[in-house]
Structures are given as C-alpha cells and as structure tokens.
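Peer 1: return a 3D structure for these sequence lines:
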Amino acid sequence: MAEKLAPEKRHSFFHGSQKVFEWDQTLDEVNMYITLPNGVPTKLVYCKIQSKHVEVGIKGNPPYMNHDLSSPVKTDSSFWTIEDDILHITLQKRDKGQTWSSPIEGQGQLDAYAADLEQKRLMLQRFQEENPGFDFSQAQFSGNCPDPRTFMGGIRSD
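Peer 2: Model (predicted):
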C-alpha cells in the first residue's frame, strides 16, 4: 500500500531550456536524477555529498553542479549510483518528514500549490508508515495540511 503514496512524477528543474535535474522525495529521502552527457565514461563522473552541499561533475572539468542543499542530510547514509546514463543521488534527510521545496538552496523551488501537495503526500506516507494495516491512498485533507514532522507529537523513531 505504501507504493500508492509514492511520488506520482518527478519534479524538474530547468535552467533556460536545459533540464538540470529531476527530483522527488519520500519521508526519509530526496532523490535527484541527472542525465549524463553522451559518451562520458561513468568512471569519470564524481559526486561529493556533504551535510549541506553537493558537488557533481566530470573529472578534469569544472563541476556541473556545486550547490548548497536546502536542508541538511545524513552523509553516512546518502549515496549515488549510475544506471542507464542517469546519475541517481539519494540524500537521506536529517529531519525525517521535512517537506523540501527543492533539493538545491534557491534553485527551482516548488510553487506554493505544489509544495502543499508534497506536504499532504508526505503526511499520508507518515500515516501509512505508522498504521500499516490501513490504506490512506485515497485520503484527503480539507484545509491546511499539518506538518508531518510535528503533527500529533511528531514522527516516531525506531
């Protein structure tokens, strides 16, 4: 049932007409997807993840992306992989349940409506995680959605 509350589609960040990256999020993590240039050997690609910063590039060239993150991440459980010429960066949120409006500070922020939809989806993911026998995929909120991190005492830790 949890997969019913997974992101329906990825958000895209464009600079001009060029797609820089796509991204989505869950209660626990933010995922970034970057299409690699044709013909670049994967062993030349690098990604450096720090608590509040990410750097991505091709060795021997200036970084493609060298930006602060919107919120801190757990570096020991964040990682990156390459599959089918897509660099997939998984950033483990330090604050589980926090709704990110973009992975990159000041770049490609979601509009207020999209941010509200994300917060509602994350809240339903939280309900689903805490009540695995119930299906919240069709649930709706009327009015403002509470913050998934703090609602009713906050997220339970394992």
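Peer 1: how about the spatially most central residue of the chain: what's its closest non-neighbour residue?
Peer 2: Centroid-nearest residue in the chain: residue 30, 2.1 Å away (criterion: C-alpha atoms, centre = their mean). Closest residue in space to residue 30, ignoring its immediate chain neighbours: residue 91 at 4.5 Å, by C-beta to C-beta, 6 or more residues apart in numbering. The C-beta positions use only the backbone N, C-alpha and C, and glycine is treated the same way.
Peer 1: wait, that neighbour sits on residue 33?
Peer 2: No - using C-beta atoms under 8 Å, residue 91 makes no contact with residue 33, being 12.0 Å away.
Peer 1: confirm that the residue nearest to residue 30 sits in a strand.
Peer 2: Yes - counting by DSSP: H, G, I helix; E, B strand; the rest coil, one finds residue 91 located in a strand.
Peer 1: can you tell me the SS state at residue 129?
Peer 2: Going by three-state DSSP: residue 129 is helix.
Peer 1: what does residue 43 give?
Peer 2: helix.
Peer 1: measure it to residue 107 for me?
Peer 2: Distance check for residue 43 against residue 107: by C-beta to C-beta, to the nearest Å, it reads 28 Å.
Peer 1: specify which residue of these two has the higher count of neighbours.
Peer 2: residue 107 (15 against 8; other C-beta atoms under 10 Å).
Peer 1: ok, residue 59 - contacts?
Peer 2: 44, 45, 46 (C-beta atoms under 8 Å, 6 or more residues apart in numbering).
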